[in-house]
Every structure is written in structure tokens, then in C-alpha cells.
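kindly return the folded structure for what I paste below:
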Amino acid sequence: MAVKVRIPTPLQRLTGGKEEVEAAPGTISVIVGALDAQFPGIAERISEGGKIRRFVNVYVNEEDIRFLQAENTQVKDGDEVSIVPAIAGGRS
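So this is what the prediction gives:
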């Protein structure tokens, strides 16, 4: 079994239109690296210097990794990772 990774619409052009891909278990950092090896360019949009960008939220089984171990959060077989870009805007 693998880890399911949900890809947000803005990044699906890098995954050939796939909204869900699979990765091997490991830390979030390892998974981002593996995704980048499979889909070049995805890591630079999710992370910078090994850290998840401020405007990108990552969840493991619906839990925000910022409240777990951030990039060092362990993800195991059968877990689901969701990458959610923060949305800004509105009227001032």
C-alpha cells in the first residue's frame, strides 16, 4: 500500500492532470522530494529550503502538519496527504 497525495488544481498541470498521486511512506520532506523526482518543479512550488512554504498548508489524514512535526511528520502506508494552497483576496 502507498500514501495517497491529493494535488491541488493549480499544481495538477505538473502531474499531467492527476488530482491524486501515490508516494512511498516517509516524512513530508521525503515525500515532497519523491514527488519532485516524479513531477519536476512541484517541490519548488510547495517548499523552499526544505521547509513548506507559508502559503501552503499540508495535512496528513486531515491534521495540519504545523501542529504535528511539520516537515518531519511521518506518513505511513494508507495515510492521505493533502496539499492545500492558502487562498487570499477579497475586498478591503
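
now E22: how far from I65?
Taking CB to CB, to the nearest Å as the measure, E22 falls 19 Å from I65. Every residue, glycine included, has its C-beta placed from N, CA and C.

those two - which one has more neighbours?
I65 (19 against 13; other CB atoms under 10 Å).

could you pull up the residues touching the more buried one?
Applying CB atoms under 8 Å, 6 or more residues apart in numbering, we find I65 in contact with 28, 52, 58-59, 71, 73.

most widely separated two among these?
Taking CB to CB as the measure, the contacts of I65 span a maximum distance of 13.4 Å, between Y59 and E71.

what residues are bridge-paired with the residue nearest the centre of the chain?
Centroid check for the chain by CA atoms, centre = their mean gives I83 as the closest residue, at 4.1 Å. When bridges are called by DSSP bridges, I83 pairs up with V58.

what count of nearby residues applies to K76?
11.

next: T73.
For T73, the neighbour count with other CB under 10 Å is 21.
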